[in-house]
Every structure is written in structure tokens, then in C-alpha cells.
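Visitor: fold the following and give me the result.
(one chain, ligands or ions: 1)
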Amino acid sequence: MLSREVSSFLVQQMHMSQTAMRASHKDFETAVNQMKLLKKDPGNEMKLKLYALYKQATEGPCNMPKPGVLDLISKAKWDSWNALGSLPKETARQNYVELVSSLSSSESSSQGKPGADSKQPGYETLVVTSEDGITKIMLNRPTKKNAITTQMYQDIVLALEAAGKDDSTITVLTGNGDYYCSGNDLNNFTDIPPGGIEEQAKNNAILLRNFVGCFIDFPKPLVAAVNGPAVGISVTLLGLFDIVYASDRATFHTPFTHLGQSPEGCSSYTFPKIMGPAKAAEMLIFGKKLTAREACAQGLVTEVFPDSTFQKEVWTRLKAYSKLPPNAMRTSKQLIRNVEREKLHATNSEEISALQGRWRSEECTNAVMNFLSRKVKL
Ligand SMILES: CCCCCCCCCCC/C=C/C(=O)SCCNC(=O)CCNC(=O)[C@H](O)C(C)(C)COP(=O)(O)OP(=O)(O)OC[C@H]1O[C@@H](n2cnc3c(N)ncnc32)[C@H](O)[C@@H]1OP(=O)(O)O
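Guide: Have a look, this model is predicted:
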């Protein structure tokens, strides 16, 4: 079942523009054709999911009489479709596209030229693959150091929603290119809606609450493979991951004060808890940049690997973990996280209220303008 927050986010998205709607129809048609080209049988469970989403997307809620218990195949299909309840057609279409996209990406071995930003069907800015029981969500704007655009926040939410429900046992977030992520794309602030800065701050708040909320509620083990420097929100979120592996080339930088902003991603709660208030203050108030080894010593990073062997060592380790009993892993993760889930949601809300004030401030506007006019780099 979709959470109320995610549903309202999707509804908001649906109304965002007619253009996006048309694109989604086109993506759906492409996905339907792509399905026919798949070489590997995706398995019965996946086929049922796809059948249900297709029917919901094209006909709406299940409108067929329930088949008799002996008609096993028709009954399984009916159950699957009926389970989608009143899921909007647009959402079903989107979910169908995501699923087909993850199936076809796991089939294709090549993912375009390294270093170039390439678009994947279904996601503008991510490469999502599922293999060996691991769903990998890779930020894919290497030429912009994987800075997170508005589209990307929305794509990450959708990819996490899909990963939470797919057959994989572990989900991994990583970056394409030399950076893990340079944080919020500062150009997001230049997209001012008709209602002005007030409306922009409100929209940002909704987007950010949903985005961070997805990490708080993610049901399976969540791993960050920090392949290079990390900035801003990509660092603060690490407190919500279960494992953080880092290349020794990675750095961890939260320059909120320099940007006239304040911490998010629940870091005002998780960082003091992880590293103690004194070390957390140095990062979150004074913007001290940590090396991978420092971040590991302070408990933010699980383990550091030499950059030259980072990919090999991390994926070997994760493939072994992915073979562990999945339900036991989920249960343990949830036991660890459930204790503080309410607190995390409350922290998320408080941080966002503070940020709404910051986004309207002169300090923030000047800092963003200085970066965009190429006057200041971190
Ligand atoms: C209604 C919805 C609105 C959505 C908005 C939601 C708002 C949520 C806000 C959540 C709070 C988040 C906070 C943060 O994450 S704060 C951190 C923000 N990040 C930064 O300030 C980093 C800025 N970047 C830099 O300082 C440098 O680029 C960096 C040190 C990362 C790398 O320097 P380097 O010299 O190696 O490389 P370049 O500067 O040449 O970068 C290459 C190109 O990439 C562009 N770039 C990099 N980072 C960003 C970024 N964060 N935003 C936008 N663009 C970025 C850079 O401009 C270069 O582009 P060009 O080649 O076109 O010049």
C-alpha cells in the first residue's frame, strides 16, 4: 500500500504539468514494447505484478467477476489486479514503467559511455539495476557531480518505493563518475513558481519531507557506496543508512552555514547520536569537511576501501550479504530503526520548518547567487 504522504506526492506530481503527463503516456507505450523484447523470463511473480499494473493503467480498478478457485491462473491474475484497489491510472502507469525499466536495465550489460550523462527509460537522472539480489540506484549526472535536481528527488523517491517492494534483499545507493553527490542542485532555487518565494519554499518543503521520509521508512537493508566526495544532503542522509562503505577518495562536507541554510536529512538528531554533539557541531554548524578515514573514526562510515579496489571489494561483500535470509535481515533492520522512527519523522519536520525560514533569508539567497554567478565554490 502507498503511504498517504507518497500518494499525495504522486498526486501533486500528476498535476505538475500536462507535458509530464504526456511524457508518461509515451514512456508507458515504450515500456509495453520493451516488455516484448525482454530476453529473460522475469518469473511468475513479476509477470503478475506487471499484468496488474498494466490492467490498472489501462482500465482502472479491477472490474471483472472473481474467477472460481479452480481456475488458478485467472484467480492469481484477478487477485493481483484487485490488490491494487483504487490506485490511480497514472500511478499504475508510472510503476509499470519503473518495473520494466529495472528489468531491462538488469538485462543490458552496457550502460553508455563512462563519464557522460545518459538518460535511462523511466528515470531521467538515475540508473537503476537489479542483479544478484541487489537493487542498485546510481545517481547519474556525473558532469554535474551528481547534484540532485527536482526531477532527481522525485526519481529517487520512486526508485526507493520500487526497490522496497521488489525481489531484491539489499538496496544500494551510489554515484556515477568521480563524485558520490554534490548535494542539492543549487539551480533548484532559480525555478520560482507563480506564487513566488513563499510557494517555492512550500513546494520544497513537501518534496523534501517525502524524500527524507522514504529513507526513514525504507524497509530493507540500505547501503551507501560512497564512491567519491559527498556534499550536503547526500552526507546528512547517511545517518539513515544501515551500512556506509567509502572510497578513501571520498570526503564528507556539510557546508550549510556557508549556504545560509541549516541541516536536514535528520542529521540534527542522527549526527550527535553517531559521533557525539561536539563532533556533530563541527560538521553541521561550522562546515568542517571530513576525510573518509575521519568519518569512519567518527562512526558515520562503516568501512573505508582503497579507491583502486573500492568497486570490487564492495560488490563482493554485498553479493555475499545479499544471500543471507532476506526476512531475517528485514526484521533486524526494522527492529533497529523502529525504536526511533517517530523521532526521525518529527526531526524531519522540524528541520524542514527551519529550512523554510532559511530559504527566505538574505543569507541563503546571496550564497546561492554567489555559487550560480561562479563567484564562490565550496
Ligand atoms: C520545488 C522543488 C525544489 C527542489 C529543491 C529542494 C530543496 C531541498 C534542499 C535540501 C537541502 C540540501 C542542502 C544541500 O545539499 S547543501 C549542498 C549544496 N551543494 C553545494 O553547495 C555544492 C556546490 N558545488 C561546488 O561547490 C563545486 O561544484 C564542487 C566542490 C562540488 C565541485 O567542484 P569542481 O571544481 O570539482 O567541479 P565544478 O564546480 O566545475 O562542477 C562541475 C559542474 O557541476 C556543477 N555543480 C556541481 N555541484 C553543483 C550543485 N550542487 N548545484 C548545481 N550545480 C553543481 C558545476 O556548476 C559545474 O557545472 P558547469 O560545468 O556547467 O559549470
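Visitor: contact partners for the closest residue to the ligand within the stretch 51-200 of the chain?
Guide: Nearest to the ligand in the stretch 51-200 of the chain, going by Cβ to the nearest ligand atom, is G183, at a distance of 2.7 Å. Using the backbone N, CA and C atoms, a C-beta is placed for each residue, glycine as well. Under the criterion of Cβ atoms under 8 Å, 6 or more residues apart in numbering, the contact list for G183 reads A147, I148, A230, V231, G232, I233, S234, V235.
Visitor: out of these, who's nearest C62?
Guide: Within the set of those, I148 lies nearest C62; the separation is 37.0 Å, counting by Cβ to Cβ.
Visitor: hey, what's L126 bridged with?
Guide: The residues listed as beta-bridge partners of L126 by DSSP bridges are L139.
Visitor: before we move on, the earlier item: contacts with the ligand among the contacts of G183, please.
Guide: Restricting those to those adjacent to the ligand (criterion: Cβ under 6 Å from any ligand atom) gives A147, V231, G232, I233.
Visitor: doesn't E313 lie inside a strand?
Guide: No: secondary structure assignment places E313 outside any strand; it is helix (DSSP: H, G, I helix; E, B strand; the rest coil).
Visitor: give the contact list for it.
Guide: E313 makes contact with F305 under the criterion Cβ under 8 Å, 6+ apart.
Visitor: per-residue pLDDT of it, please?
Guide: At E313 the predicted local distance difference test score is 98.
Visitor: use 50 as the first number for this chain going forward.
Guide: All right, first residue 50 from here; so that's E362.
Visitor: tell me, how many residues neighbour K251?
Guide: Neighbour count of K251, defined by other Cβ atoms under 10 Å: 14.
Visitor: following the helix or strand it falls within, which helix or strand comes up?
Guide: Here K251 is covered by helix 245-265, with elements defined by DSSP states H and E. Reading on from helix 245-265 to the C-terminus, the next helix or strand found by DSSP H and E is strand 271-275.
Visitor: returning to what we had before: who are the contact partners of the residue lying closest to the residue of the stretch 100-249 of the chain closest to the ligand once chain neighbours are set aside?
Guide: Counting by Cβ to Cβ, 6 or more residues apart in numbering, G232 lies nearest to G281, which is 2.5 Å off, once chain neighbours are set aside. Under the criterion of Cβ under 8 Å, 6+ apart, the neighbours of G281 are C230, S231, G232, N233, H302, T303, P304, F305.
Visitor: and the pLDDT at G281?
Guide: What the model reports for G281 is a pLDDT of 98.
Visitor: of the ones next to the ligand among the contacts of G232 - the most surrounded one?
Guide: For these, neighbours were counted using other Cβ under 10 Å, and G281 has the most, 24 neighbours in all.
Visitor: low-scoring stretches of the stretch 100-249 of the chain, by residue?
Guide: Counting by pLDDT under 70, the low-confidence segments of the stretch 100-249 of the chain come to 119, 121, 155-170.
Visitor: now do the strands in it.
Guide: Defined through DSSP state E, counting those that start in this stretch, the strands belonging to the stretch 100-249 of the chain, from first to last, are 175-180, 183-188, 219-224.
Visitor: can I get those strands in JSON lines including mean neighbour count and distance to G314?
Guide: Output for the strands of the stretch 100-249 of the chain, formatted as JSON lines (neighbours: other Cβ atoms under 10 Å; distance: least, Cβ to Cβ, whole Å):
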{"stretch": "strand 175-180", "mean neighbour count": "21", "distance to G314": "18"}
{"stretch": "strand 183-188", "mean neighbour count": "24", "distance to G314": "15"}
{"stretch": "strand 219-224", "mean neighbour count": "24", "distance to G314": "13"}
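Visitor: tabulate the ones you listed (JSON lines), appending distance to R342.
Guide: As requested, the strands of the stretch 100-249 of the chain are exported to JSON lines (distance: least, Cβ to Cβ, whole Å):
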{"stretch": "strand 175-180", "distance to R342": "29"}
{"stretch": "strand 183-188", "distance to R342": "23"}
{"stretch": "strand 219-224", "distance to R342": "20"}
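Visitor: so P116 touches W130, yeah?
Guide: No: shown here, P116 and W130 do not form a contact pair, counting by Cβ atoms under 8 Å, at 11.2 Å.
Visitor: looking only at neighbour counts, state which of those two leads.
Guide: Ranked by neighbour count (other Cβ under 10 Å), P116 and W130 place W130 first, with 22 against 15.
Visitor: stretch 87-104: which residues count as buried?
Guide: For stretch 87-104, burial by neighbour count (16 or more other Cβ atoms under 10 Å) applies to P91, M95, L97, K98, L99, Y100, A101, L102, Y103, K104.
Visitor: if we can go back for a sec, in a markdown table: the strands of the stretch 100-249 of the chain, plus distance to the ligand.
Guide: Rendered in a markdown table, the data for the strands of the stretch 100-249 of the chain read as follows (distance: least, Cβ to the nearest ligand atom, whole Å):
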| stretch | distance to the ligand |
| --- | --- |
| strand 175-180 | 16 |
| strand 183-188 | 12 |
| strand 219-224 | 12 |
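Visitor: for the stretch 250-399 of the chain, which residue gets nearest to the ligand?
Guide: For the stretch 250-399 of the chain, the residue positioned closest to the ligand under Cβ to the nearest ligand atom is G281, at a distance of 2.2 Å.
Visitor: what about that residue, distance to L427?
Guide: Here the criterion is Cβ to Cβ, to the nearest Å. By it, G281 lies 9 Å from L427.
Visitor: between those two, what contacts are shared?
Guide: Listed as contacting both G281 and L427 by Cβ under 8 Å, 6+ apart are H302, P304.
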